[in-house]
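1. requesting a structural model of the entry that follows:
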Amino acid sequence: MSEITNSVKYVGVNDRKLDLFESQFVVPEGMAYNSYVVFGEKIAVMDSVEAKFGGEWLGNIKNALGGRTPDFLVVQHMEPDHSANIDTFMKAYPKAKIVSSAKAFDMMKNFYGNDYADRRIAVKEGDILPLGGRSLHFISAPMVHWPEVTVTYDDKDKILFSADAFGKFGALDADEDWACEARRYYFGIVGKYGAQVQALLKKLSAFEISAICPLHGPVLKENLSYYLGLYNTWSSYGTESEGVVINYTSVYGHTKEAAEYLAEKLTEKGCPKVALNDLCRCDTAEAVEDTFRYGKAVFATTTYNMDIFPFMRTFIDHLTERNFKNKTVAIIENGSWVPNAAKVIKGMLEKSQNITYAGETVTIKSALTDENREQLNALADILCK
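-> Sure, this is the predicted structure:
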């Protein structure tokens, strides 16, 4: 338990044993499940934690309360890593009420068989919960990243309780860069909903914010314009960093040789950043993160059963389902019989908006040739402009 301010305390938990978040994202530094206690004349607890941490969480709350009793549990988001201990809390504090959106109460019934009809307060956009000496203002944030989400503004300490927005992978005792794991978290989990994040950012611009308290990751207090700026760039699908990401798959090493040759030439020509991802072996979420981060992306793959190599197809699906757009793209294809990869990739990207193709497709027929190297050199010139 730690203080955010003298009247807002952290009561969340760290999960250091988790290997895969949502059964798909590698989390070598674990995960934090955040919860907060807000003190006024009345007391509100902000969200609960993952199921197996109920005892630790209630212990943290008890220590924070110092003998007082909470009046409200505010449920901003119904994913089970934040809602699994609602019933545990309600049994521990039978006079408390749940404050949440109407959609969240519907989900509560579906998940846990109880919507607490006799102990609930349903709130909507613009509603205010007075605590005495401070008030909580509720801001609807649908599809950031579930439809029931509400974020909450505390008008005394000017704190935004941001639900899953501004979260990151990693336990709170992990010493790591915020942006890298927050970016991977954003594009992996929230990335499809850029328009909805933009709508939320517009609403938040009306509030003076001194701290952001997310449901995952650290409390953000300093240089908030940096975090808000990154969220604006990410949610508008802009270019965060100048550079080129090369994503490749290779069966016998020839496409890999082409990808590495292009990376070498880009570096020689002064490209500010070159990221190289072997899609068969790397963390897919890291490659997705890179491809949204940089303004230019190269896809290099083999023709496979007149389609493209399965790891590349899956990877492009990851991009397009997250609204991949506003990028310069180059293609390297390989095919021993009939090179067909470029046609397939362009077909998969047809619905992606504002895609500009750089140069001509580089077509390799089995092994890299001197002509191919010349083509890759020319492509490096184009991508470095």
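
2. look up the closest residue to Val11, ignoring the ones flanking it.
-> Asn60 (3.9 Å; C-beta to C-beta, 6 or more residues apart in numbering). To be clear about C-beta, it is placed using only N, CA and C from the backbone, and glycine gets the same treatment.

3. then Tyr112?
-> Leaving aside its chain neighbours, Tyr112 sits nearest to Asp87 (5.9 Å; criterion: C-beta to C-beta, 6+ apart).

4. so for the helix or strand containing the one you found, mean pLDDT?
-> Per DSSP states H and E, Asp87 falls inside helix 86-92. Average pLDDT, helix 86-92: 97.

5. what's the following helix or strand past that helix packed up against?
-> Later in the chain than helix 86-92, the nearest helix or strand by DSSP H and E is strand 97-100. With contacts taken as 3 or more C-beta pairs under 8 Å, 6 or more residues apart in numbering; DSSP states H and E, strand 97-100 sits against strand 72-74, helix 102-112, strand 120-122.

6. partner strands of the next helix or strand after the last one, parallel or antiparallel?
-> Along the chain past strand 120-122, the next helix or strand (assigned with DSSP H and E) turns out to be strand 128-130. Sheet pairing here is set by DSSP bridges, and for strand 128-130 it gives strand 135-140 (antiparallel).

7. which helix or strand lies directly C-terminal to the strand it pairs with?
-> strand 150-154.

8. now do the helices in this structure.
-> 54-65, 80-83, 86-92, 102-112, 178-185, 194-204, 224-235, 254-268, 284-293, 310-320, 341-348, 370-383 (DSSP state H).

9. tell me the domain ranges of the protein?
-> The chain breaks down by automatic domain parsing into domains covering 2-235, 243-383.

10. got the contact list for Val144?
-> Residues in contact with Val144, defined by C-beta atoms under 8 Å, 6 or more residues apart in numbering, are 151, 163-165, 190, 193, 196-197, 200.

11. need phi/psi at it.
-> Phi and psi for Val144, reported as degrees, to the nearest 10, are phi -120, psi 60.

12. okay, now Ala195: neighbour count?
-> For Ala195, the count of nearby residues is 12 (other C-beta atoms under 10 Å).

13. over to Glu268?
-> As a burial measure, Glu268 scores 11 neighbours (other C-beta under 10 Å).

14. would you agree Trp178 is in contact with Pro214?
-> No. Trp178 sits out of contact with Pro214 when judged by C-beta atoms under 8 Å, with a separation of 10.9 Å.

15. list residues touching both of the two?
-> In contact with both Trp178 and Pro214: Lys168, using C-beta under 8 Å, 6+ apart.

16. quick revisit: residue contacts, the residue nearest to Val11?
-> Asn60 touches 1, 11-13, 35, counting by C-beta under 8 Å, 6+ apart.

17. 10 Å instead?
-> By C-beta atoms under 10 Å, 6 or more residues apart in numbering, the contact list for Asn60 reads 1-2, 9-13, 35, 37, 49, 53.

18. and what of Glu222?
-> Glu222 touches Ala211, counting by C-beta under 10 Å, 6+ apart.

19. tell me the spacing between it and Pro147.
-> Distance of Glu222 to Pro147, computed by C-beta to C-beta, to the nearest Å: 32 Å.

20. over to Tyr237?
-> As judged by C-beta to C-beta, Tyr237 and Pro147 stand 22 Å apart.

21. looking at these two, which one has more neighbours?
-> Shown here are Tyr237 and Pro147; by other C-beta under 10 Å, Tyr237 has more neighbours (19 against 16).

22. which ones are touching the more buried one?
-> 191, 194-195, 292, 322-327, 352-354.

23. picking that back up, quick one: closest of the helices of the chain to Glu360.
-> helix 370-383 (7.3 Å; C-beta to C-beta).

24. run through who's touching that closest one.
-> 243-244, 246, 254, 257-259, 261-269, 271, 274, 295-298, 300, 328, 330-332, 334, 358-365, 368-369.

25. just the buried residues from the residues you listed, in PyMOL please.
-> Here is the PyMOL selection string for the buried members of the contacts of helix 370-383, based on 16 or more other C-beta atoms under 10 Å:
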select buried, resi 243+244+246+254+257+258+259+261+262+263+265+266+271+274+295+296+297+298+300+328+330+331+332+334+358+359+361+362+363+364+368
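
26. low-confidence ranges in the protein?
-> Confidence mapping of the chain against pLDDT under 70 gives the ranges 1.

27. hmm, which of the contacts of Asn60 are the buried ones?
-> Neighbour counting with 16+ other C-beta under 10 Å marks 9-13, 35, 37, 49, 53 as buried within the contacts of Asn60.

28. give me the most central residue, this structure.
-> Note on the chain: the residue nearest the mean C-alpha position is Tyr186, at 1.7 Å, using C-alpha atoms, centre = their mean.

29. any residues touching stretch 114-121, and which ones?
-> 72-75, 86-87, 90, 94-100, 102, 104-109, 122, 127, 129.

30. now stretch 123-137
-> With C-beta under 10 Å, 6+ apart, stretch 123-137 has contacts from 7-8, 38-44, 46, 71-72, 74, 97, 99-104, 121, 138-142, 150-157, 159-161, 203, 207.

31. looking at Trp178 and Pro214, which is more packed in?
-> Pro214 (23 against 16).

32. next, the more buried one: phi, psi?
-> Torsion angles, degrees, to the nearest 10, at Pro214: phi -90, psi 170.

33. isn't it right up against Thr152?
-> No. When contacts are counted by C-beta atoms under 10 Å, Pro214 is not listed as touching Thr152 (11.7 Å).

34. give the buried residues for stretch 74-92.
-> 74-79, 81-90.

35. hmm, I was thinking of stretch 193-210
-> For stretch 193-210, by 16+ other C-beta under 10 Å, it's 193-194, 196-197, 199-201, 204, 209.
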